[in-house]
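> 3D, please:
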Amino acid sequence: MKKMAVFTVLLSMVYFNCSQAVAIGIEAAVGGQFLSPSGFFSYKGTGELDNLDIDNDLKYDDETNVYARVKIDMPLVFPNIYLMATPVEFEATGINNINFKFGDLEFNEDEEFYSKLNLSHYDVTLYYSIPFLGIATLNRINIDLGINVRVIDFKAEMRQETSNLYESKDAVLPVPMIYAAIAVGPVKDISLEAEIRGISYGNNSYYSVLGRIKYEFPGPLFIAGGYRYDEVKIDEDDIDIDLKIQGVFFESGVSF
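Here you go, the predicted structure:
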């Protein structure tokens, strides 16, 4: 939550400074997302038996998180900027019917264990809009293309109190991605938007897709809702993750 608060303060500073420049446009929003996870992860696992299933072993339930985003439309040749902070955290008490390895420890079968998985991430995107497309379509269609860096703040904890076992792993994983977005305005004040971020290299891949419908009130306010799907496959630094996280989201914001 401290990182989220810092991010919110930075967004406020960016908004205050950028809004002083007439040539710069701002869109900022805060929303809530329902997270439904599936898949597995392991740390220093030596085989499939060490892969901890989200549903069957870890017993993670659906969660709700708060996120924030801001888009800055820069003038002329400068790339536009898109910032987004998305906290993601799951925790529960689970049980496994076999011994399993996590880190340098072996956890006992048929004994409850507590685990927490943090996959909070922060996106920084630099992009350009396809020139003259808005003019050619009477401002009904806009397409953005660019690059995105997603910084994953990873932390996993495992604790089995009956056996006095505790292990944890944290890492900061920067992931470069391609970014593309399209916005279509079929009628006045309503727009349909889609964003995709993705990369695949070696045994790693990360895809993030979302779609939203946005309604703009007279003035700077808007509300929006949609659906988001993230697929994460990471195999590095002794961390093996194969997760899908998806769910609906709602947000409100301002644009100038």
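> So, low pLDDT: which residues of the stretch 101-250 of the chain?
The stretch 101-250 of the chain contains no residues with pLDDT under 70.
> next SSE after the helix or strand where residue 26 lies?
Assigned by DSSP states H and E, residue 26 falls within strand 25-43. The helix or strand immediately downstream of strand 25-43 is strand 52-53, counting by DSSP H and E.
> can you list the residues that contact that next one?
With contact meaning Cβ atoms under 8 Å, 6 or more residues apart in numbering, strand 52-53 is reached by 39-42, 58, 94, 96, 100, 102, 115. To be clear about C-beta, it is placed using only N, CA and C from the backbone, and glycine gets the same treatment.
> Output these in JSON lines, with distance to residue 248 and neighbour count appended to each entry.
Output for the contacts of strand 52-53, formatted as JSON lines (distance: Cβ to Cβ, whole Å; neighbours: other Cβ atoms under 10 Å):
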{"residue": "39", "distance to residue 248": "19", "neighbour count": "17"}
{"residue": "40", "distance to residue 248": "24", "neighbour count": "19"}
{"residue": "41", "distance to residue 248": "24", "neighbour count": "24"}
{"residue": "42", "distance to residue 248": "29", "neighbour count": "23"}
{"residue": "58", "distance to residue 248": "23", "neighbour count": "24"}
{"residue": "94", "distance to residue 248": "26", "neighbour count": "18"}
{"residue": "96", "distance to residue 248": "31", "neighbour count": "19"}
{"residue": "100", "distance to residue 248": "33", "neighbour count": "22"}
{"residue": "102", "distance to residue 248": "32", "neighbour count": "24"}
{"residue": "115", "distance to residue 248": "26", "neighbour count": "24"}
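> Dump those residues to CSV, plus distance to residue 68.
Converted to CSV, these look like this (distance: Cβ to Cβ, whole Å):
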residue, distance to residue 68
39, 26
40, 29
41, 26
42, 31
58, 28
94, 31
96, 36
100, 37
102, 32
115, 27
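> Buried residues, the strand holding residue 26. List them.
For strand 25-43, burial by neighbour count (16 or more other Cβ atoms under 10 Å) applies to 25-29, 31, 33, 35, 37, 39-43.
> Having no further points to raise, I will conclude here.
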